[in-house]
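>>> no sequence for this one, just the structure:
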């Protein structure tokens, strides 16, 4: 892809040819006969946000507050059930996580995708300089504050352009690398993400068993429930005689003792570290990142719950449930339920237990 100039427009993603091409100068096109084949481009850039979990001060405050809250809960409620303990655990981690680290979906909503904390800092300085200038209008210091504002405004303009240019280069490299390794799926995923304005999956009508299109959201939800219920809950007949013929494996006493032992704190810590980041959380809405940054405090709290589950032989209710997300298989009619596959979203804490 060509390197954009300062006056270049955004890379285009329209389906119709245009007589003019935003972002390309006619004097750059050697063959005028091909000029009309350029596409008019508009896109929404997406940037990688730096997570606030990187701050040691926030991490320490988050961990200490969780430890104190756990002490308060244990002091005031000494006879809690397993489910009540897990509910308190989830509520504390979720609320403290949102307080210290925020909710990415809400915090970054409405921002330009190339926007960075560094840009926000310099823009805030420019805004303050403008206020100072207005407060000193018609005074002997007006020129001083006006010049400071104009200087910062110029700096902001240059930094914004530099960041836009930098992010455009990142996107171009990502698309080019995907094409070079013959990975068109990734390339088109980036392009579709940039284009946006696609039809929401929830707004796509579906068909019932008889091929009748359902447009009402309640009818669609019932259809999906019916589809997954029939696919997952299949009636089967089990021959008990066949099961009796299966030999039982021989396990020595040492291995049997190891398997029957409750998980240790070290095993819980290791399981938390192995959970992948940037995965959609389950019903508890608690991301894996918040469990990881909780450190030893989170591990001890979760180990206590796992110990009770093992000793009391009572499973946490949320760990037995999953949220089913439907994903289109990229082939066939989107209105037919059979052209989708279901993905189960499990609680992160439940994954650690298993």
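Done, it's in. Source: prediction; values computed, not measured.

>>> so where do the helices sit in the stretch 151-300 of the chain?
For the stretch 151-300 of the chain, the helices defined by DSSP state H, counting those that start in this stretch cover 184-195, 217-232, 240-244, 253-260, 265-274, 288-293, 295-312.

>>> to residue 326, which of those lies closest?
helix 217-232 (6.7 Å; CB to CB). For glycine as for every other residue, the C-beta is placed from the backbone atoms N, C-alpha and C.

>>> and stretch 147-155, how far out from the chain middle?
Centre-to-centre, stretch 147-155 and its host chain are 37 Å apart (CA atoms, centre = their mean, to the nearest Å).

>>> who touches that stretch?
Residues outside stretch 147-155 that contact it (CB atoms under 8 Å, 6 or more residues apart in numbering): 122, 125-126, 129-130, 132-133.

>>> could you redo the last one with a cut-off of 7 Å?
122, 125-126, 129-130, 133 (CB atoms under 7 Å, 6 or more residues apart in numbering).

>>> now swap in stretch 275-293 and tell me
So stretch 275-293 is contacted by 53, 59, 62, 90, 93-94, 97, 101, 272, 298, 318, 321-323, 345-349, 351-352 (CB under 7 Å, 6+ apart).

>>> which stretches of this structure have low pLDDT?
1-56, 102-113, 195-203 (pLDDT under 70).

>>> domain ranges for it?
Domain assignment for the chain, taken from automatic domain parsing, gives 1-42, 52-107, 117-198, 202-234+253-353.

>>> tabulate those (a markdown table), appending distance to residue 242 and mean neighbour count.
Shown next, in a markdown table, are the domains of the chain (distance: least, CB to CB, whole Å; neighbours: other CB atoms under 10 Å):
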| stretch | distance to residue 242 | mean neighbour count |
| --- | --- | --- |
| domain 1-42 | 58 | 13 |
| domain 52-107 | 36 | 15 |
| domain 117-198 | 43 | 14 |
| domain 202-234+253-353 | 18 | 15 |
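
>>> just send those back as a markdown table, with distance to residue 247 too.
As requested, the domains of the chain are arranged in a markdown table below (distance: least, CB to CB, whole Å):
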| stretch | distance to residue 247 |
| --- | --- |
| domain 1-42 | 62 |
| domain 52-107 | 35 |
| domain 117-198 | 46 |
| domain 202-234+253-353 | 17 |
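
>>> tell me where the chain has strands.
For the chain, applying DSSP state E gives strands covering 206-207, 213-214, 323-328, 340-345.

>>> let's have those strands in JSON lines, adding distance to residue 144.
Below are these laid out as JSON lines (distance: least, CB to CB, whole Å):
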{"stretch": "strand 206-207", "distance to residue 144": "66"}
{"stretch": "strand 213-214", "distance to residue 144": "68"}
{"stretch": "strand 323-328", "distance to residue 144": "58"}
{"stretch": "strand 340-345", "distance to residue 144": "58"}
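
>>> so for residue 84, which of these sits nearest?
Using CB to CB, the nearest of the strands of the chain to residue 84 is strand 323-328, at 22.1 Å.

>>> and that closest one, which strands flank it?
Strand 323-328 pairs in its sheet with strand 340-345 (antiparallel), by DSSP bridges.

>>> that concludes my questions; thank you for your assistance.
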